[in-house]
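In: Next one to model:
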Amino acid sequence: MNLWLRLLVYLLGAPFRARLKAPFEVSRLAFYVLPNDLDINLHMNNGRYLTIMDIGRFDLIMRMGLAREARKHGWMPILSAAKVRFRRELRLFQKYTLETRIVWWAKTHFVMEHQLIIASGKGSGQLATVALMLGGLYDRAHRQFVPVDELMRVLGVEAQSPPATPDIEAFLAAEQALKRSA
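Out: Purely as a prediction, here's the structure:
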């Protein structure tokens with residue numbers, strides 16, 4: 001229930017937060033580690049990180065104005081792959097900031113980066129976790145992912161993708177290898 005409540009709070013608050021200019025601005029959300037976020041080691045459960053990152057992606061989509069267009073066209077956000085690197089633990093009641101940004105795109109998919117940064121207590125200002133996520137918007141009616149050019153057009157944006165960094169290239173290569181093996 002806590003996760004639905006958190007999602008509801010952030011979705012309801014999104015219209016009151018500053019609009020983000022697509023595709024390069026960063027969503028920043030503040031959270032606390034709550035008791036039901038903990039695992040048996042009494043730090044934030046690894047699955048909880050992924051759920052919190054969902055909220056960051058929804059915030060980014062809403063504040064860039066893409067959620068309205070997605071609803072209008074029947075598009076839904078879909079993730080294809082994720083790579084997470086846990087660097088430092090987050091403990092009970094510790095405050096942290098989730099930063100979500102789009103770092104690369106091509107054809108029908110985006111790579112988004114999530115960073116969870118410790119905002120209070122020991123290690124304040126340090127990176128706790130970083131993740132890369134591959135996803136796009138799926139058009140249910142046409143049973144295909146929406147081309148990025150179309151998404152940019154409906155947002156009224158003209159932009160070129162930043163070049164893929166070595167970590168993005170490695171992530172995409174690993175995803176292709178896994179895709180071929182499955």
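
In: Report the buried residues of the helix or strand bottoming out on mean pLDDT in the chain.
Out: Lowest by mean pLDDT, DSSP states H and E among the helices and strands of the chain is helix 2-13, with a mean of 79. Buried residues in helix 2-13, defined by neighbour count with 16 or more other Cβ atoms under 10 Å: 6-7, 10. Heads up, the C-betas are built off the backbone N, CA and C, glycines and all.

In: Quick check: phi and psi on Gly74?
Out: Main-chain torsions, Gly74, degrees, to the nearest 10: phi 80, psi 30.

In: what's the neighbour count on Leu155?
Out: 16 (other Cβ atoms under 10 Å).

In: how about the buried residues of helix 2-13 in JSON lines, adding distance to Pro23?
Out: Shown next, in JSON lines, are the buried residues of helix 2-13 (distance: Cβ to Cβ, whole Å):
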{"residue": "Arg6", "distance to Pro23": "25"}
{"residue": "Leu7", "distance to Pro23": "23"}
{"residue": "Tyr10", "distance to Pro23": "20"}
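
In: The residue nearest in space to the middle of the chain: what secondary structure?
Out: What sits nearest the mean C-alpha location of the chain, by Cα atoms, centre = their mean, is Arg57, with 3.6 Å. Look at Arg57: counting by DSSP: H, G, I helix; E, B strand; the rest coil, its state is helix.
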